[in-house]
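Student: no sequence on this one, just coordinates:
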Ligand SMILES: C=CC1=C(C)c2cc3[nH]c(cc4nc(cc5[nH]c(cc1n2)c(C)c5CCC(=O)O)C(CCC(=O)O)=C4C)c(C)c3C=C
Ligand SMILES: [Fe+2]
Ligand SMILES: [Fe+2]
């Protein structure tokens, strides 16, 4: 048996095991029960989560998940698995093995670390698949690593990639995706008022006030991408999607932005979600289905959704350079 001294572990957020209300409830209970994600006192949050959210939200999400479900399962998991396969092919010469896990539900970080340990790995580089650092995402991956290592007593060493929001290969990969979409659909007519929208997953404003660098990093990605495209901040807009709950989240909200643009006469809108390393419910359903309808309903004429970096060659090359850095 070969010994794989070095390994890469890709970790993304996670999805329900199946598109059913009980599976979605298990997923949301784990995800929204994480104190990093919702940092309200347990006495306040627990009754809301278990008494209201876990009863009302799963049934509404079943149809949404079904609309994007793939043969291999949830899109986020299927794409992460494919990313790991592609990266593995690029790293096979270096004898580096690639694994993947989901932060919530399955395959769990703990299970995958047990496999990594059994395979004789000595060092793991963990890549949280979040380009912009947030305490609600990236930091939770470290929590899971530490908890699993403490429980199972693994002896391998590891390091965690903190952020790659301004990595030149990341900006380049986004640029390539946008240019490719324009090659297939024609370029937007910016002079006529068409826009490119960068929609990032939102975050409660409270997190940023407590020092989460996420918003700053989204803005930095935005600036670098605008520059790389040779465009201006008039032609490219930034907004935050997927607001959840009653609190104030980062603004401008994607939905309000879309509506405002359509009402102000933007006829064509191209949307990309640079904060998601893989397409998922929040992009395929919310952005590509729901928000498309909103834009067209408000008078927009053309809506182009540009897919996430997924398994594009430029993205896998970016992962390779992060893996070997
Ligand atoms: C307080 C709640 C939430 C915070 C904070 C939050 C931050 C956050 N999330 C992502 C990436 C993803 N989120 C996804 C789904 C999702 N997110 C929340 C809530 C918060 N997210 C919920 C309740 C859900 C489930 C779906 C829903 O009910 O709307 C997903 C997709 C998962 C899938 O199965 O496809 C991703 C990916 C980031 C990057 C982020 C902070 C920056
Ligand atoms: Fe989320
Ligand atoms: Fe959502």
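Tutor: Received the coordinates, thanks. Since we're looking at a predicted model, the values are computed, not measured. Ligands and ions are numbered 1, 2, ... in the order given.

Student: quick check: residues of the stretch 51-200 of the chain near ligand 1?
Tutor: Applying C-beta under 6 Å from any ligand atom, one finds that the stretch 51-200 of the chain approaches ligand 1 through 57, 61, 74, 76, 130, 134, 136-137. To be clear about C-beta, it is placed using only N, CA and C from the backbone, and glycine gets the same treatment.

Student: which of those residues has the most neighbours?
Tutor: residue 130 (28 neighbours; other C-beta atoms under 10 Å).

Student: contacting residues around it?
Tutor: Listed by C-beta atoms under 8 Å, 6 or more residues apart in numbering, the contact set of residue 130 reads 137-138, 163, 275, 277.

Student: assumed it was part of a helix.
Tutor: No - assessed with DSSP: H, G, I helix; E, B strand; the rest coil, residue 130 is coil; it does not lie in a helix.

Student: would you map the helices across the stretch 51-200 of the chain?
Tutor: 54-68, 75-91, 109-118, 138-152, 168-185 (DSSP state H, counting those that start in this stretch).

Student: could I get those helices as a markdown table with distance to residue 15 and mean pLDDT?
Tutor: Below are those laid out as a markdown table (distance: least, C-beta to C-beta, whole Å; pLDDT from 0 to 100):
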| stretch | distance to residue 15 | mean pLDDT |
| --- | --- | --- |
| helix 54-68 | 8 | 98 |
| helix 75-91 | 5 | 98 |
| helix 109-118 | 15 | 98 |
| helix 138-152 | 15 | 98 |
| helix 168-185 | 22 | 98 |
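
Student: the residue nearest to residue 45 when sequence neighbours are not counted: how many residues sit nearby?
Tutor: Excluding the flanking residues, the one nearest residue 45 by C-beta to C-beta, 6 or more residues apart in numbering is residue 38, at 5.6 Å. Look at residue 38: counted by other C-beta under 10 Å, it has 20 neighbours.

Student: again, but for the one 10 residues further on
Tutor: Counted with other C-beta under 10 Å, the neighbours of residue 48 add up to 14.
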